[in-house]
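K.L.:
sequence plus the predicted model coming up.
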There are 2 protein chains.
Amino acid sequence: MKARSASVEVHVAQRRDVETRPIRVGLLGLGTVGAGVFNVLARNGEEIRRRAGRAIEIAAVHRRDLDAARSLVGTTARVEADAMAIVRDPSIEIVVELIGGTDVARQLVLEAIAAGKHVVTANKALLAVHGTEIFEAARARDVMVAFEGAVAGGVPIIKALREGLSANRIEWVAGIINGTTNFILSEMRAKGLDFGVVLKEAQRLGYAEADPTFDIEGIDAAHKATIMSAIAFGVPVQFHKAYVEGIAGLQAADIRYAEQLGYRIKLLGITKRRDDLRAGPGRAAGGIELRVHPTLIPASRLIANVEGAMNAVVVNGDAVGTTLYYGKGAGAEPTASAVVADLVDVTRLHTADPDHRVPHLAFQPGALADTPILPIDEVITAFYLRLRVADEKGVLASLTRILADNDISIDAILQRPGADADGSGGRAEGESPTDLIILTHDTVEGRMRRALAQMQALPTVLAPIVRIRKEDLK
Amino acid sequence: MKARSASVEVHVAQRRDVETRPIRVGLLGLGTVGAGVFNVLARNGEEIRRRAGRAIEIAAVHRRDLDAARSLVGTTARVEADAMAIVRDPSIEIVVELIGGTDVARQLVLEAIAAGKHVVTANKALLAVHGTEIFEAARARDVMVAFEGAVAGGVPIIKALREGLSANRIEWVAGIINGTTNFILSEMRAKGLDFGVVLKEAQRLGYAEADPTFDIEGIDAAHKATIMSAIAFGVPVQFHKAYVEGIAGLQAADIRYAEQLGYRIKLLGITKRRDDLRAGPGRAAGGIELRVHPTLIPASRLIANVEGAMNAVVVNGDAVGTTLYYGKGAGAEPTASAVVADLVDVTRLHTADPDHRVPHLAFQPGALADTPILPIDEVITAFYLRLRVADEKGVLASLTRILADNDISIDAILQRPGADADGSGGRAEGESPTDLIILTHDTVEGRMRRALAQMQALPTVLAPIVRIRKEDLK
């Protein structure tokens, strides 16, 4: 434990002399969320002061377009085209980074930390990729980095995981943490349409961006899942080890079949503790699953009924059981709600003993674990399989034999006259194909991969097999 | 701002010398929750230490039955038959009060505060009734009083309201915050049974106590709603001003009719900000609604689908919109999850500047508002009315005239052959009664009270009118 008498003296001096003075904030980025932060602080400033004990003052804002910046903030704050000028301004105590991306944002955040400033950011990509570097720098300088806005917008899920559930051994976290894809899936289900059609509608309505790659490929969700994984299990952020599968390949037929079987399909970010893995050569015991993919969930679960662009995260802890957190996951004011709450937190708590204040990743930096993130082949889930097969004798027998040979047990089988994927029910000539839907019990993914290859090689399997993972989430 | 150099010196000294030492806790009450707290700390102690930066040690426990206490804690903690001996023990830093009730608990908590100890409690009755006195005493001594376990068990709703949503002007909070009554209502709906039958079943299963008054009359929910109201709106706790109506009068017929109209009936604790009220003689502008009663909610709302003994709280803020928090609201380990999280919070944050650390009621003690809690006559809700009427010409006309004369507008009317309340469809002799179900738009309760009296006086109204409040909760 290093001695900190010098910095402590500073805290003490501040407390006695200047504690009723507004805390001074520099705001980098004045886009949708930045404007939201400015507006929320302007509108609720008095109420926030009653909570924080000090006013929170946006002293300077950065935006390239100075005129646009001035038209928003008027004369209440200094306007800077150069973000670094704000970061280096000694009178600024907290820097809010809302620029996005991982390059410039990283530089600015590290520079702000080096200058001894606390940082608030909603930048999930930055933290999922460069979190370790940033949190270490912050620790070395005894400053706080707060990032409630990085996951699930205004829903205080970081705080719940890090503080509210701190008594628990977290078992798993599963969330709808991307509004665009949940909107698309909700529409696909409600209207029976395929992915491409709904995506165009979502773009027209502003629920999906012109380039929707980050959302629909699951990358945005994986950034958020990575952050939650680190907080839940006390491991460093490791985005590069996340398994990511998006929703572009989903077909309306599977959403329909899932419905008939009592399930909904959602894009989930999932992270799970695994204790069934023993230590081996070069490997610690246990493991952590970290993955984003479309998932069948029982329709009776609360999270299965989260529709449109809303977000929800389910957390299971050994003492508390299953809890759920729900709200808007994006948008100017919901995200601003989280950013400003972080400002209040920093205002309230930056005077606490740095050795014991709430650690960035819930666990004290010296107490992180090196539990490995498991490769997808070692992940355990149940599966939904859809096979287009020839209507011949023995087809089912050969399929079930392959599953049995791979130690995969079957939960349910549904047989349907083979409709086309578009749901029109058309048949190919000269064939009488059948759709076989198989639900399996939990199995290791590698086993399923091998079974799928064997099944796919059967001449009676007429089309690429669809496989979607399935979770109980009880 | 008072000078605090003396106490600051103490903090500084502690930080350098003893910060890795376990923090010492005295546990008062070793019943269901107390044993849960002990077990969670024993099981997850190492993980909790990695989070808190210090171990949390139960140094002493109080239970009248010393043998029972010893059989649980063994030799790990001192066992005391006299709670006050723990409260006055100078080596104890945090006192956990899990005795319940408002008399002894109040004395012990005030004494612990006077001795300079931080306090953690899950006692909602104590805080709803004596909160003002307790928080003032804590403030005077610069100690923390934490009470996450007092509302919705392990769901960190206090933290969400107080910290996670601190950027918002909270508009309203509505929650299923009593598991017993939600279990009973869920069973009534699922099985079409009346209250009395299901209550007996709930008692047999252990979901309701032998004397279920506190739960079914809504008093327990009102304690919790009172605490949430204070935190949401920055007013003192005022349990005596809460309006409380339980579920004992609910009939299966109304649950069925509500279902047909697309609603579920839940016992909700509701608190709402009202800005439409101007200042008058002896009265400030605005007001706060604080009430517990059975409520119709649209079946499509997530909270309408919270079944069994689960809890859920919906919070609407001006920036974040509508958010929801869900989980187990009672039981040994869910409540222990909250109590131990509070212990971690105190361990982490008791070194923060007392003038700015998280205030007990979210707002700084000097910044509480005197906004009045409104009498039920001034509350605004929509209504569900069920009237047993004679099947005569002009009945509907006279009813709608009374509503119109009282400025109450009608949303929907449903007419059904008058079934008996027990659902058997039997008819009284010589009559041909009809059930008229009327849904109104929002109206002031006093107006509805007058209209109800006028309708009830009509000779064509054959039975006491059933009226249940209705909320949109969007």
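P.N.:
Everything's here; your move.
K.L.:
same for the helix of greatest length in chain A, what does it pack against?
P.N.:
Longest helix in chain A by number of residues, with DSSP state H as the criterion: helix A:32-52. With contacts taken as 3 or more Cβ pairs under 8 Å, 6 or more residues apart in numbering or on different chains; DSSP states H and E, helix A:32-52 sits against strand A:23-28, strand A:56-62, helix A:66-73, helix A:332-349. Bear in mind the C-beta positions are built from the backbone N, C-alpha and C, glycine included.
K.L.:
could you give the mean pLDDT of whichever strand or helix holds residue A:226?
P.N.:
In this structure, residue A:226 is located in helix A:219-233 according to DSSP states H and E. Average pLDDT, helix A:219-233: 98.
K.L.:
next, see if that helix gets close to chain B.
P.N.:
No: Helix A:219-233 stays out of contact with chain B when judged by Cβ under 8 Å from any Cβ of the partner chain, the minimum separation being 9.8 Å.
K.L.:
and if you look at stretch A:184-191?
P.N.:
No: where contact is defined by Cβ under 8 Å from any Cβ, no part of stretch A:184-191 touches chain B; the two come within 12.5 Å at best.
K.L.:
distance between the longest helix of chain A and the chain's centre?
P.N.:
The chain centre lies 25 Å from the centre of helix A:32-52; the measure is Cα atoms, centre = their mean, to the nearest Å.
K.L.:
got it, and stretch A:211-220?
P.N.:
Relative to the centre of its chain, stretch A:211-220 is centred 12 Å away, using Cα atoms, centre = their mean.
K.L.:
any idea how far apart the tips of that stretch sit?
P.N.:
Stretch A:211-220 has its terminal residues 13 Å apart, counting by Cα to Cα, to the nearest Å.
K.L.:
please identify which of the helices and strands packed on helix A:32-52 is closest to chain B.
P.N.:
Across the helices and strands packed on helix A:32-52, chain B has its closest neighbour in helix A:332-349 (3.3 Å, Cβ to the nearest Cβ).
K.L.:
and the angle for that closest one with strand A:56-62?
P.N.:
Put simply, helix A:332-349 runs at 120 degrees to strand A:56-62, going by axes from the mean of the first three to the mean of the last three Cα atoms, to 10 degrees.
K.L.:
and the very next helix or strand once past helix A:332-349, what does it pack onto?
P.N.:
Downstream of helix A:332-349, the first helix or strand assigned by DSSP H and E is strand A:380-389. Contact here means 3+ Cβ pairs under 8 Å, 6+ apart; on that basis strand A:380-389 packs against helix A:252-260, helix A:395-405, strand A:434-440, strand A:443-444, helix A:445-456, strand A:466-470.
K.L.:
who touches the fourth one?
P.N.:
Residues from elsewhere that reach strand A:443-444 (Cβ atoms under 8 Å, 6 or more residues apart in numbering or on different chains): A:377, A:378, A:379, A:380, A:381, A:382, A:383, A:406, A:407, A:408, A:409.
K.L.:
make CSV out of those residues and add neighbour count.
P.N.:
Converted to CSV, the contacts of strand A:443-444 look like this (neighbours: other Cβ atoms under 10 Å in any protein chain shown):
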residue, neighbour count
A:377, 13
A:378, 15
A:379, 22
A:380, 16
A:381, 25
A:382, 19
A:383, 22
A:406, 18
A:407, 10
A:408, 23
A:409, 12
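K.L.:
stretch A:124-141 near chain B at all?
P.N.:
No: counting by Cβ under 8 Å from any Cβ, chain B has no neighbours in stretch A:124-141; the shortest distance is 12.1 Å.
K.L.:
same question for that stretch, mean pLDDT?
P.N.:
Mean predicted confidence for stretch A:124-141 is 97.
K.L.:
equivalent analysis for stretch A:75-82, please.
P.N.:
96.
K.L.:
any idea which element residue A:173 lies in?
P.N.:
strand A:170-176.
K.L.:
from the chain's centroid, how far away is that strand?
P.N.:
Strand A:170-176 sits 10 Å away from the centroid of its parent chain (Cα atoms, centre = their mean).
K.L.:
still on that earlier bit, next secondary structure after the helix holding residue A:226?
P.N.:
strand A:243-244.
K.L.:
in terms of secondary structure, what does that following strand contact?
P.N.:
Judged by 3+ Cβ pairs under 8 Å, 6+ apart, strand A:243-244 is in contact with helix A:219-233, strand A:287-298.
K.L.:
coming back round to it: could the contacts of strand A:443-444 go into a markdown table alongside distance to residue A:144?
P.N.:
Shown next, in a markdown table, are the contacts of strand A:443-444 (distance: Cβ to Cβ, whole Å):
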| residue | distance to residue A:144 |
| --- | --- |
| A:377 | 39 |
| A:378 | 36 |
| A:379 | 34 |
| A:380 | 37 |
| A:381 | 37 |
| A:382 | 41 |
| A:383 | 43 |
| A:406 | 50 |
| A:407 | 49 |
| A:408 | 48 |
| A:409 | 49 |
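K.L.:
tell me where the stretch 1-150 of chain A is predicted with low confidence.
P.N.:
A:1-19 (pLDDT under 70).
K.L.:
spatially, what comes nearest to whichever residue of the stretch 1-150 of chain A sits closest to chain B if we skip its sequence neighbours?
P.N.:
Nearest residue of the stretch 1-150 of chain A to chain B, counting by Cβ to the nearest Cβ: residue A:50, 3.7 Å away. Of all residues not flanking residue A:50 in the chain, residue B:367 sits nearest, at 3.7 Å (Cβ to Cβ, 6 or more residues apart in numbering or on different chains).
K.L.:
quick check: residue A:278 touching residue A:284?
P.N.:
No: using Cβ atoms under 8 Å, residue A:278 is not in contact with residue A:284, being 9.8 Å away.
K.L.:
so those two - more neighbours on which side?
P.N.:
residue A:284 (13 against 9; other Cβ atoms under 10 Å in any protein chain shown).
K.L.:
ok, the more buried one to chain B distance?
P.N.:
Residue A:284 is 16 Å from chain B, where distance means Cβ to the nearest Cβ, to the nearest Å.
K.L.:
re the thing from before, quickly compare the helices and strands packed on helix A:32-52 and say which is most buried.
P.N.:
When you average the neighbours per residue for each of the helices and strands packed on helix A:32-52 (mean count of other Cβ atoms under 10 Å in any protein chain shown), helix A:332-349 leads with a mean of 27.
K.L.:
just the angle between that one and strand A:23-28, please?
P.N.:
Going by the same axes, to 10 degrees, helix A:332-349 is angled at 140 degrees with respect to strand A:23-28.
K.L.:
buried sites along the helix holding residue A:226?
P.N.:
A:219-233 (16 or more other Cβ atoms under 10 Å in any protein chain shown).
K.L.:
burial count for residue A:404?
P.N.:
12.
K.L.:
alright, calling it a day.
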